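Trainee: Using only what follows, build the 3D model:
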Amino acid sequence: MVDRARDRVGRVMGHEGPHLQIRPLGGGVEWDADPRHVRMLGQDELLRALVAEANARSRQSTK
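Mentor: Numbering: from 1, shown residues only. Okay, here's the model as predicted:
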């Protein structure tokens with residue numbers, strides 16, 4: 001999902017009241033998002049985000 005209000009990508013983990021809890025693709029701290037500002041990723045966007053996350057993990061493991 002894309003949280004357009006924060007310009008962040010993540011997975012929906014659940015909901016609390018009127019908000020969705022979204023976690024970054026590579027893990028980390030969830031944030032609350034207004035469902036009105038969230039949309040599904042397109043196939044190309046999802047692939048781009050997953051590759052970026054894999055590259056970030058790769059850079060961290062080589063340090």
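
Trainee: Figure out how far stretch 49-63 is from the centre of its chain.
Mentor: 15 Å (Cα atoms, centre = their mean, to the nearest Å).

Trainee: tell me the mean pLDDT over it?
Mentor: Averaging pLDDT along stretch 49-63 yields 84.

Trainee: what about this protein, any weak spots by pLDDT?
Mentor: Within the chain, the segments meeting pLDDT under 70 span 63.

Trainee: what packs against the lengthiest strand in the chain?
Mentor: The longest strand of the chain (DSSP state E) is strand 8-16. When contacts are defined as 3 or more Cβ pairs under 8 Å, 6 or more residues apart in numbering; DSSP states H and E, strand 8-16 packs onto strand 2-3, strand 19-24, strand 31-33. To be clear about C-beta, it is placed using only N, CA and C from the backbone, and glycine gets the same treatment.

Trainee: To residue 44, which of the ones you listed lies closest?
Mentor: Nearest to residue 44, of all these, is strand 2-3, at 12.5 Å by Cβ to Cβ.

Trainee: neighbouring contacts of the longest strand of the chain?
Mentor: 1-3, 20-25, 30-32, 38, 41, 45, 49 (Cβ atoms under 8 Å, 6 or more residues apart in numbering).

Trainee: buried ones in that strand?
Mentor: Across strand 8-16, burial judged by 16 or more other Cβ atoms under 10 Å covers 9, 10, 12.

Trainee: Kindly state the beta-bridge partners for the nearest residue to residue 39 once chain neighbours are set aside.
Mentor: In space, not counting the residues next to it along the chain, residue 39 is nearest to residue 2; the distance is 5.4 Å by Cβ to Cβ, 6 or more residues apart in numbering. Assessed by DSSP bridges, residue 2 has beta-bridge partners residue 9, residue 39.

Trainee: With that, I have no additional questions.
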